[in-house]
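Peer 1: I need the structure of the sequence given here:
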Amino acid sequence: MRIEKCYFCSSNIYPGHGINFVRNDCKMFRFCRSKCHKAFKMKRNPRKVKWTKAFRKSHGKELAIDSTFDLEKKRNVPVKYNRELWQNTIQAMKRIEQIRTRRQNQFIKNRLKGGKKLELKDDEKEVAKHIHLIEPKVSQEEAMSAAIASSKRKQREKEMEVMDMD
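Peer 2: Purely as a prediction, here's the structure:
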């Protein structure tokens, strides 16, 4: 059982699924669904269509160059069955998948760091522009002391008025 890749979007095609298109020069094109087949017939470039893997890799959205991708290459050389070889291969596949997952997560984190820095700069600019709208936070103690001070000031003003009248 061989899991093929879609020519247009690079997604997996399982046996019994998808569409095969054979050109006059005997080149096989496999498509996972009619959406990919129609886009191919309309001569669309997969690197310019946003939902394809080719677009994501060419625009730096996904990890493009990594040694863990070498295991997925198609090999047409027949190999004699050997149980030990198969067991080692399966163990290697599991380990490589763990490594690939870790590297992809790190790549995504690094890619998103730049966006966070830009957001922070934009927020700082907006705060600087509208600083007059932001009032300083006053604690309860400061509010009480300010209220006491204002009441004392009013009492003094009243006393001054009473003295002026006399």
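Peer 1: so where do the helices sit in the protein?
Peer 2: In the chain, the helices defined using DSSP state H lie at 34-41, 53-58, 83-129, 140-165.
Peer 1: could you dump these to TSV with distance to residue 7?
Peer 2: For every residue, glycine as well, the C-beta is placed using N, CA and C. Shown next, in TSV, are the helices of the chain (distance: least, CB to CB, whole Å):
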stretch	distance to residue 7
helix 34-41	7
helix 53-58	10
helix 83-129	23
helix 140-165	69
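Peer 1: next, format those as a markdown table and append distance to residue 10, mean pLDDT and mean neighbour count.
Peer 2: Converted to a markdown table, the helices of the chain look like this (distance: least, CB to CB, whole Å; pLDDT from 0 to 100; neighbours: other CB atoms under 10 Å):
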| stretch | distance to residue 10 | mean pLDDT | mean neighbour count |
| --- | --- | --- | --- |
| helix 34-41 | 10 | 96 | 16 |
| helix 53-58 | 4 | 88 | 16 |
| helix 83-129 | 15 | 88 | 11 |
| helix 140-165 | 61 | 82 | 10 |
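Peer 1: looking at those, which is closest to residue 73?
Peer 2: Of all the helices of the chain, helix 83-129 sits nearest to residue 73, with 12.5 Å by CB to CB.
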